[in-house]
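Enquirer: Here is a sequence with its predicted model. Questions after.
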Amino acid sequence: MARYSGPKQKIARRFREPIFGPSKALERKAYGPGQHGRSRFSRKSEYATQLEEKQKAKYTYGLLERQFRNLYEKVTRQKGVTGDLLLQHLESRLDNTVYRLGFARTRQQARQLVSHKHIVVNGQIVNIPSYELKPGDVISLRPKSRDLEAVTDALEYGSRTKYSWVEVDKKTRSGKYLSHPEVDEIPEKINVQLIVELYSK
């Protein structure tokens, strides 16, 4: 299964955001990597700014270029605001929702839970991280997987943030995807308009 496996902290420092989860490297060096990382005078072209925003969205949600492009083309064929639909589709991915429910501390860890068949959707095992959830879908851990150390650790020490579009029951290790989120509710700082402009060229 294709996924990004390069240096994560360097990418996080490039965007100055902990897009792969908590980053001590980002805390120590709150500037970009490389010899020009501290420069305050570098000017970016419009294209560079748009491209950077697309790259940030890709790395944040764990998609490769072809996957991201296919998703963009899919939402352009739907009714609605393209940028908003793109973010909502990214949020409805199974691996992302497992992360939002608090069963994993990072999206990469959530992806691994899904790939290793620890996750059940509406009573059926689903091992496809990109599986698209619909409002009302119930997500849970398999009975044999409920006491996994990684899951227990994530639920006990992970983020206490609650999201209005999902609900979680920590005791039963289950949750529900209630609805597609409103764009202003999504905490990631992604300017989807720049992505739309990039692909529209």
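Expert: Sure, I can see it. Model, not experiment: these values are computed from the prediction. Residues are numbered from 1 along each chain as shown.
Enquirer: Tally up the residues packed near residue 124, please.
Expert: 6 (other C-beta atoms under 10 Å). All C-beta atoms are positioned from the backbone trio N, CA, C, and that covers glycine.
Enquirer: Show me the chain divided up by domain.
Expert: 8-89, 93-179 (automatic domain parsing).
Enquirer: do you know which of those lies nearest residue 194?
Expert: Ranking these by proximity to residue 194 (C-beta to C-beta) places domain 8-89 first, at 4.1 Å.
Enquirer: what are the ranges of the helices in the protein?
Expert: 8-15, 24-28, 46-61, 65-76, 82-91, 94-100, 107-115, 149-157, 192-199 (DSSP state H).
Enquirer: now the most centrally placed residue in the chain, nearest residue through space, not along the chain?
Expert: Per C-alpha atoms, centre = their mean, the C-alpha nearest to the average position across the chain is that of residue 61, at 3.1 Å. The shortest distance from residue 61 to any non-neighbouring residue, by C-beta to C-beta, 6 or more residues apart in numbering, is to residue 90 (4.8 Å).
Enquirer: From residue 62, how far off is that neighbour?
Expert: For residue 90, the distance to residue 62 equals 10 Å [C-beta to C-beta, to the nearest Å].
Enquirer: Now do the same for residue 188: its pLDDT.
Expert: Residue 188 carries a pLDDT value of 89.
Enquirer: if we can go back for a sec, so the residue nearest to residue 61 makes contact with residue 71?
Expert: Yes. Residue 90 is in contact with residue 71 according to C-beta atoms under 8 Å; the separation is 7.4 Å.
Enquirer: With neighbour numbers in mind, choose between the two.
Expert: A direct count of neighbours by other C-beta under 10 Å for residue 90 and residue 71 places residue 90 higher, at 24 against 19.
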